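>>> This is a predicted model, with the sequence first.
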Amino acid sequence: MVSLDLHPFTLIVGLLVILIIDNVIKAMGKKNLEDIVWVIYCKIAGSLGNSKIKAINEKTVEAGKINKERKSISAQDQYAKWTKLNRQFDKVNEEIKTLTNELASDKAMITKYLTAVINILTSWPLWFSRFWYRKKVLFFLPPGLFPYPLERILALPFTVLGGVGLTVWMFAIRNVISSVIFMVCFPFEETVEKPVKEKKEEKVQEL
Amino acid sequence: MTPEEKRKILQERRQAKMAGGKATDRLNNILSQGSSVKTSTTSVLDKPSTPEPTITPPPPSSIPAHLKVHEDDDPDTSDIEQLLSHRASPPPAEADFDKMFSSMFGNGGEGSEDPFSSMMMNMMKQQQQTEGENPDNLQDMEYEQKLLKYNTFKSKQSKFKFLVVRYLTIIMNFIYHFVYNDGFRSSSHDYIRSEIPTSNQFTLIFLSIEAVILSSYYLISSKRKSSENMTSDNFILKMISMASSFVPMIAAYQPLLVSLLGYWEILNMFLGDLALIVVLFGITSYLK
């Protein structure tokens, strides 16, 4: 039988991993993650023999070939051939569109499973831990390190003085992860130049 | 003879020719010149004057009483001035719109003034005035938006720099004490609480650095906000400024709220640094 009385350090590491995953998902955006998973699914399912995906892959390759051939000839010099290729390209594109629409139900299913996986991996364990281990002391701070008020704050809400509980641990991890994400992301942000206000006198002169 | 005089004389001659009834011949001559096509177009100058289009009178019920005509086409009023004065009512003045809005918002008159409706009217008037006074309103708004974006970026940049400094100093302070002080350990076991208390040099250094960094951040950020006349990007401040247009008394508390928000930011930063220490102690708790 699986014991729910986990070692404090297991909880510390487990919660750290869960919260890292949670924050990474939030930073990435759920929509982007769904798209990535969908692309991976299409690749795997296509190689495993899903007929629809296989057909889409074949049609996409065919469309690429036709497009390449169409671009290689001149529309003015070989108008008949160019028009024929153009029609073929449109036809293949239409077929791809129809197949993609047929795959919409598959995508909805993937999204549903992905949401369930995210919940199982992040939300549910966090809520369970909050309830089950609410009084558990994850670790004790060395004595005399912090003054009494600070130790009291760190022992909130149900932990003994000098100990750190799950609530404070989760708050600390979330805070540090968000700060780290900010430190990593900010240097890549676009620099904003100071705007210069157009002087009204200049405008009058222009007029 | 000047070219202008020449042109005038030629024009007069042409007009004299046309008046003689040869306009159609001349037009056909021009149109069929150099070709075998024979046209039979009639010039408008030779056309007999067409009768004036008759306007069918509308049904009597749709005509206002003062415009009704008798069957013998003899109107009741012969004076056109009188007719005009009756026909169109004067365009509604701005005051009439004000009256209309007043009645819409339930403002019966000066005596029975509803505070809410009068407030709405004041707001609308102020809006009209500001729009009227400032023709470059759109450009100013664009500039304000750009300035807000720039200020937000500068604020984030400042936060980033201070965050890097804070995290570096805390990690260095922690590593130093962790390496050189055996008592500087956290543990999953509660017996460490009964050990002899370690020196709180770590906390002293931590609090001193925090005091220096956070106070300098507060000074710099408040100075920047006041010097740049920074537009508030805080939700609570926006709400307060909106509410102050309804209840002006609230505006008096705005500076106090700005200070409180500044202190709250500093407190958050301190808690963030404390969180880093907690995480460092948590990760190293397995070692003892």
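Right, received. Where do you want to start?
>>> From A:Gly162, how far out is the residue of chain A found nearest chain B?
As assessed by Cβ to the nearest Cβ, chain B sits closest to A:Gly144 within chain A, at 2.7 Å. Just so you know, the C-beta spots here come from the backbone N, C-alpha and C atoms, and that holds for glycine as well. Distance of A:Gly144 to A:Gly162, computed by Cβ to Cβ, to the nearest Å: 10 Å.
>>> of the two, who's got more company?
Set A:Gly144 next to A:Gly162 and count neighbours by other Cβ atoms under 10 Å in any protein chain shown: A:Gly162 wins out with 23 against 17.
>>> ok, the more buried one to B:Phe206 distance?
17 Å.
>>> again, but for A:Ile173
19 Å.
>>> and what of A:Lys91?
71 Å.
>>> Please identify the buried residues of the longest helix seen in chain A?
If you go by DSSP state H, chain A has its longest helix at helix A:79-102. Going by neighbour count (16 or more other Cβ atoms under 10 Å in any protein chain shown), the buried part of helix A:79-102 is A:Trp82, A:Leu85, A:Gln88, A:Phe89, A:Val92, A:Glu95, A:Ile96, A:Leu99.
>>> ditto for stretch A:29-49
Those would be A:Val37, A:Trp38, A:Tyr41, A:Cys42, A:Ala45, A:Gly46, for stretch A:29-49 by 16+ other Cβ under 10 Å.
>>> what helices or strands is the longest helix of chain A leaning on?
helix A:51-72 (3 or more Cβ pairs under 8 Å, 6 or more residues apart in numbering or on different chains; DSSP states H and E).
>>> relative to helix A:79-102, how tilted is the helix it packs on?
160 degrees (axes from the mean of the first three to the mean of the last three Cα atoms, to 10 degrees).
>>> residues in contact with helix A:51-72?
A:42, A:45-46, A:82, A:85-86, A:88-89, A:92-93, A:95-96, A:99-100, A:102-103, A:106 (Cβ atoms under 8 Å, 6 or more residues apart in numbering or on different chains).
>>> Excluding sequence neighbours, find me the nearest residue to the residue of chain A closest to chain B.
B:Pro197 (2.7 Å; Cβ to Cβ, 6 or more residues apart in numbering or on different chains).
>>> roughly how far apart are that neighbour and A:Thr83?
89 Å.
>>> Do I have it right that A:Val168 meets B:Phe281?
No: with contact defined as Cβ atoms under 8 Å, A:Val168 does not count as touching B:Phe281 (11.0 Å).
>>> the more surrounded of the two?
Set A:Val168 next to B:Phe281 and count neighbours by other Cβ under 10 Å: B:Phe281 wins out with 24 against 21.
>>> Which elements pack onto the helix or strand hosting the more buried one?
Applying DSSP states H and E as the criterion places B:Phe281 in helix B:254-283. Contact here means 3+ Cβ pairs under 8 Å, 6+ apart; on that basis helix B:254-283 packs against helix A:8-28, strand A:137-140, helix A:148-154, strand A:163-165, helix A:166-185, helix B:137-180, helix B:201-227, helix B:235-246.
>>> now with 7 Å?
Under the contact criterion of 3 or more Cβ pairs under 7 Å, 6 or more residues apart in numbering or on different chains; DSSP states H and E, helix B:254-283 touches strand A:137-140, helix A:166-185, helix B:137-180, helix B:201-227, helix B:235-246.
>>> what's the angle between it and helix A:8-28?
Using the same axes, to 10 degrees: helix B:254-283 against helix A:8-28 is 130 degrees.
>>> For helix B:254-283, buried residues please.
Neighbour-count burial for helix B:254-283 [16+ other Cβ under 10 Å]: B:258, B:265-266, B:269-270, B:272-282.
>>> tell me the contacts of the nearest residue to A:Ile20 once chain neighbours are set aside?
Leaving aside its chain neighbours, A:Ile20 sits nearest to A:Ile177 (6.3 Å; criterion: Cβ to Cβ, 6+ apart). Residues in contact with A:Ile177 (Cβ atoms under 7 Å, 6 or more residues apart in numbering or on different chains) are A:Leu19, A:Ile20, A:Asn23.
>>> what number of residues lie near the second one?
In terms of burial, A:Ile20 registers 14 neighbours under the definition other Cβ under 10 Å.
>>> can you check A:Phe188 too?
Neighbours of A:Phe188 using other Cβ under 10 Å come to 6.
>>> same deal with B:Ser187?
B:Ser187 - counted by other Cβ under 10 Å - has 21 other residues nearby.
>>> isn't it right up against B:Ser285?
Yes: judged on Cβ atoms under 7 Å, B:Ser187 makes contact with B:Ser285 at a distance of 5.7 Å.
>>> shared neighbours of these two, anything?
A:Phe139.
>>> contacts for stretch A:87-95?
A:Lys59, A:Glu62, A:Ala63, A:Ile66, A:Asn67, A:Arg70.
>>> Can I get that stretch in CSV, CA atoms only?
Only the C-alpha atoms of stretch A:87-95 are listed here, as CSV (Å, rounded to 0.1, in the frame of the first residue of the first chain):
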residue,chain,number,x,y,z
ARG,A,87,-5.7,24.2,-60.9
GLN,A,88,-4.0,21.1,-59.5
PHE,A,89,-2.5,23.1,-56.7
ASP,A,90,-6.0,24.5,-55.8
LYS,A,91,-7.5,21.1,-55.9
VAL,A,92,-4.8,19.6,-53.6
ASN,A,93,-5.2,22.5,-51.2
GLU,A,94,-8.9,22.0,-51.1
GLU,A,95,-8.4,18.3,-50.3
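>>> buried residues in the helix or strand hosting B:Ala16?
Assessed by DSSP H and E, B:Ala16 sits inside helix B:3-19. Going by neighbour count (16+ other Cβ under 10 Å), the buried part of helix B:3-19 is B:Met18.
>>> Equivalent analysis for stretch A:160-172, please.
A:Gly162, A:Gly163, A:Val164, A:Gly165, A:Leu166, A:Thr167, A:Val168, A:Trp169, A:Met170, A:Ala172.
>>> Distance from the chain centre to that stretch, please.
Centroid separation for stretch A:160-172 versus its chain: 29 Å, with Cα atoms, centre = their mean, to the nearest Å.
>>> List of residues touching it?
Contacts of stretch A:160-172 (Cβ under 7 Å, 6+ apart): A:12, A:15, A:19, A:129-130, A:133-134, A:136-141, A:143, A:151-152, A:154-159, B:193, B:275, B:278-279, B:282.
>>> quick one: average pLDDT of that stretch?
Mean pLDDT, stretch A:160-172: 89.
>>> Tell me the buried residues in stretch A:52-62?
So, applying 16+ other Cβ under 10 Å, buried residues of stretch A:52-62: A:Ile53, A:Ala55, A:Ile56, A:Asn57, A:Lys59.
>>> Need the nearest residue in space to whichever residue of the stretch 1-150 of chain B sits closest to chain A, chain neighbours excluded.
In the stretch 1-150 of chain B, the residue that lies nearest chain A is B:Lys146 (3.8 Å; Cβ to the nearest Cβ). Using Cβ to Cβ, 6+ apart and skipping residues adjacent in sequence, the residue nearest B:Lys146 is A:Pro195, 3.8 Å away.
>>> Can you report how many residues neighbour A:Phe128?
If we define neighbours as other Cβ under 10 Å, then A:Phe128 has 11 of them.
>>> can you tell me the helix or strand for it?
With DSSP H and E as the criterion, the answer for A:Phe128 is helix A:124-132.
>>> Any idea which residue is closest to the centre of chain A?
A:Met28 (3.3 Å; Cα atoms, centre = their mean).
>>> Now do residue 121, the pLDDT please.
Using chain A here. Taking A:Leu121 on its own, its pLDDT is 88.
>>> I was thinking of chain B, sorry if that wasn't clear
On pLDDT, B:Met121 comes in at 60.
>>> cool, A:Val61 as well?
90.
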